[in-house]
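Chemist: Below: sequence and its predicted model.
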Amino acid sequence: MSSTRTANGKTSGKNRTWRNWGGNVSARPAREAVPASVDELARVVRRAAEDGLRIKPVGTGHSFTSIAATDGVLIRPDLLTGIRRVDRDAMTVTVEAGTPLKRLNTALAREGLSLTNMGDIMEQTVSGATSTGTHGTGRDSASIAAQIKGLELVTADGSVLTCSEKENPEVFAAARIGLGALGVITAITFAVEPVFLLTAREEPMPLGRVLADFDALWAENEHFEFYWFPHTGSTTTKRNNRSAGPARPVGRIQGWFDDEFLSNGVFQAANWVGRAVPATVPAIARISSRALSARTYTDIPYRVFTSPRRVRFVEMEYAVPREAVVETLRELKAMVDRSGLRVSFPVEVRTAPADDITLSTASGRDSAYIAVHMFRGTPYRAYFTAAERIFTAHGGRPHWGKVHTRDAEYLAGVYPRFGEFTALRDRLDPDRRFQNDYLRRVLGP
């Protein structure tokens, strides 16, 4: 059944299937809503409660879990977009919840401003990215949510709550990464700083050297990450550090060749071959690991931190204590080598410092992230199950928006403040208006 738009910006329709970006999650909401204002959103929430329907906001669907799936009311923030205000005295920007990160980044750049750190894609909405704990890599600078200075959300009874370190601080501590369990975020205030330059140094490096020198590579660089290609001993490393300039961006032709032709076009074709003929994957991995040559460039942050990701995949990512990352990776490599698995996607490794957000994957501990991927349409459960067994043995915390099988009992054991979050949820949403199957599993009933 097709949906219809009403004059006040709402969209409703029954039996329209929603699917996430990765294609591994779908849902059939009873109806959809596209509120054009905070007041209208509050009315949508109250009406859903009157009708006995649960409510879930959804952004661009970049989560691989069913965190946004619902059979109730699906709220799309398409009309809640744009910059509300820039405060140069406080060095903050307040942005509507449905604003894509790409739009935020480009708008900030025009104002001569920037976020301090960001993830490696910018297609998500600001509320979706922060609510699931999206992060980049950083020695000293943390996730996107850790840069939040204030937020506004509509709670289960339709009231509007504003929070910061001074106003409703207990909600602020949790709602920055709230999983959609505490309310519907309508606006976020981020800390910003004057735009700066980063010099990116990308180069291949043997895995053995990266693991042997990991602590030094982490300590010597503001932002260090690497990609290991399974079935090989090869990695591609990336070191981003602030620079006095001048700017020397990647040339248009080289950027297209590296980022579009090789990293997306050729890589997609290679994965098609690997999916059809799994025996070719190790050879493809060896070729892929040598495809990109070393390069160095200097540009403003979002052009360095982010890159286009057009090849669709399914992903699992765990945060382990940073001191455990080398051993965890050695175990992961040994598992792949002896398993007979055919893995065509590289393993991504990043870091983040400890933060004070209740359910952040870096809450209270310096963390390293290990992300495993499989090409969309390729069986992934055997690989992810074996990888998850290794991650959990090291006290790993799963990314809230990526495939995992953990439940509330496990998560309560790896998050010291887990009970603090669930108690707040009991207070803000006692009737579980924002509940779905995923939240029931990870937070309890």
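Modeler: Looks like it arrived, so ask away.
Chemist: Helices of the stretch 51-200 of the chain, start to end?
Modeler: Ranges of helices in the stretch 51-200 of the chain, per DSSP state H, counting those that start in this stretch, are 101-110, 126-131, 169-175.
Chemist: Tell me the pLDDT of the closest residue to L104 other than its chain neighbours.
Modeler: Sequence neighbours aside, V95 is the residue nearest to L104 in space, at 5.6 Å (criterion: CB to CB, 6 or more residues apart in numbering). C-beta here means a position set from N, CA and C on the backbone, and glycine is covered the same way. Note on V95: pLDDT of 98.
Chemist: tell me the contacts of V95?
Modeler: Going by CB atoms under 8 Å, 6 or more residues apart in numbering, V95 touches 82-84, 104, 126, 187-190.
Chemist: measure it to E225 for me?
Modeler: Here the criterion is CB to CB, to the nearest Å. By it, V95 lies 26 Å from E225.
Chemist: Contacts only, for T378.
Modeler: 271, 274-275, 344.
Chemist: Which pair of these spans the longest distance?
Modeler: R275 and S344 (7.7 Å; CB to CB).
Chemist: Who has more neighbours out of those two?
Modeler: Neighbours were counted for R275 and for S344 using other CB atoms under 10 Å; S344 has more, 26 against 18.
Chemist: so the more buried one touches G274, yeah?
Modeler: Yes. Taking CB atoms under 8 Å as the definition, S344 is a contact partner of G274 at 4.2 Å.
Chemist: what do those two both touch?
Modeler: With CB under 8 Å, 6+ apart as the test, S344 and G274 both reach 281, 284, 375, 378.
Chemist: The second one is in what secondary structure piece?
Modeler: Translated: I284. Using DSSP states H and E, I284 falls within helix 281-291.
Chemist: chain center to that helix: distance?
Modeler: Centre-to-centre, helix 281-291 and its host chain are 27 Å apart (CA atoms, centre = their mean, to the nearest Å).
Chemist: Can you tell me what sits against that helix?
Modeler: Here helix 281-291 makes contact (CB under 8 Å, 6+ apart) with 204, 229-232, 234-236, 262, 266-267, 270-271, 273-274, 342-344, 346.
Chemist: and the nearest residue to T130 once chain neighbours are set aside, what does it touch?
Modeler: What sits nearest to T130 in space, not counting adjacent residues and going by CB to CB, 6+ apart, is A145, at 4.3 Å. A145 makes contact with 130-131, 133-134, 176-177, 355, 357, 360, according to CB under 8 Å, 6+ apart.
Chemist: Distance of A145 relative to G233?
Modeler: 35 Å.
Chemist: Repeat that for L161.
Modeler: 52 Å.
Chemist: same question, R406
Modeler: In terms of CB to CB, R406 sits 31 Å off from G233.
Chemist: Who has more neighbours out of the two?
Modeler: Taking other CB under 10 Å, R406 and G233 do not tie; R406 has more neighbours (18 against 14).
Chemist: ok so, going back, find residues that contact each of R275 and S344.
Modeler: Common neighbours of R275 and S344, using CB under 8 Å, 6+ apart, are 375, 378.
Chemist: on that earlier part again, and the contacts of helix 281-291, which are buried?
Modeler: Those of these that meet the buried threshold are 204, 229-232, 234-236, 262, 266-267, 270-271, 274, 342-344, 346, by 16 or more other CB atoms under 10 Å.
Chemist: Could you tell me which of those belong to helices?
Modeler: 267, 270-271, 274 (DSSP state H).
Chemist: Could you list the low-pLDDT ranges of this structure?
Modeler: 1-15, 253, 255-262, 264 (pLDDT under 70).
Chemist: No further questions, thank you.
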